[in-house]
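Undergrad: sequence plus predicted model, see below.
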Amino acid sequence: MSRRRDAALALVVTVPVVVGVAILRPQATPSLVLLGVFGTLALEAALLRWQSRVRAVWERPRIQVVTVVATLTVVALAVEAVGANILVIVLSALATYLLLLASVELRDRWTGRR
């Protein structure tokens, strides 16, 4: 699994979310931020259970493209349905994911795990 590629794909989603936050100016509350943070951590922990299967599916380029497009579509629909505050959750989740990727990458570099 390429962490660089995963980070790039996450950034493809993050950029429009940041633009949405800048334009719509949702109210960022600690509970919304924590929901994004803990949601990401819970999802990553759950995905570890099926790591080999997740990796096999995720390595398919088509899955990656579909996932990015689907995520952007769902976020746009969610903003329309429930309001701009959903962007705070999504941005917090994406930031957490990017920090998690960076942490694992740094750990592996420092410990020579590559």
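TA: Okay, I see it.

Undergrad: endpoint to endpoint, stretch 22-32 covers what distance?
TA: 17 Å (Cα to Cα, to the nearest Å).

Undergrad: which of the residues in it are buried?
TA: Within stretch 22-32, the residues that count as buried by 16 or more other Cβ atoms under 10 Å are 26, 32. Glycine gets a C-beta too; all of them are placed from N, C-alpha and C.

Undergrad: stretch 62-76 now?
TA: Going by 16+ other Cβ under 10 Å, stretch 62-76 has these buried residues: 64, 71, 75.

Undergrad: now do the first one against residue 2, distance only.
TA: When distance is defined by Cβ to Cβ, to the nearest Å, residue 64 is 10 Å away from residue 2.

Undergrad: repeat for the second one
TA: Relative to residue 2, residue 71 is positioned 18 Å away (criterion: Cβ to Cβ).

Undergrad: now swap in the last one and tell me
TA: Computed as Cβ to Cβ, the residue 75 to residue 2 distance reads 24 Å.

Undergrad: before we move on, what about residue 92?
TA: Where residue 2 is concerned, residue 92 sits at a distance of 24 Å (Cβ to Cβ).

Undergrad: same deal with residue 86?
TA: Distance from residue 86 to residue 2, counting by Cβ to Cβ: 29 Å.

Undergrad: show me which of those two is the more surrounded one.
TA: Comparing residue 86 with residue 2 by neighbour count (other Cβ atoms under 10 Å), the higher total belongs to residue 86, at 24 against 9.

Undergrad: which residue packs closest to the more buried one, ignoring adjacent ones?
TA: residue 78 (4.5 Å; Cβ to Cβ, 6 or more residues apart in numbering).

Undergrad: doesn't residue 84 make contact with that neighbour?
TA: No. Assessed by Cβ atoms under 8 Å, residue 78 is found out of contact with residue 84, at 9.7 Å.

Undergrad: can you pull the phi/psi pair for the residue nearest in space to the middle of the chain?
TA: Here the mean C-alpha position of the chain is nearest to the C-alpha of residue 94 (Cα atoms, centre = their mean), at a distance of 3.5 Å. Note on residue 94: its backbone torsions stand at phi -70, psi -40 [degrees, to the nearest 10].
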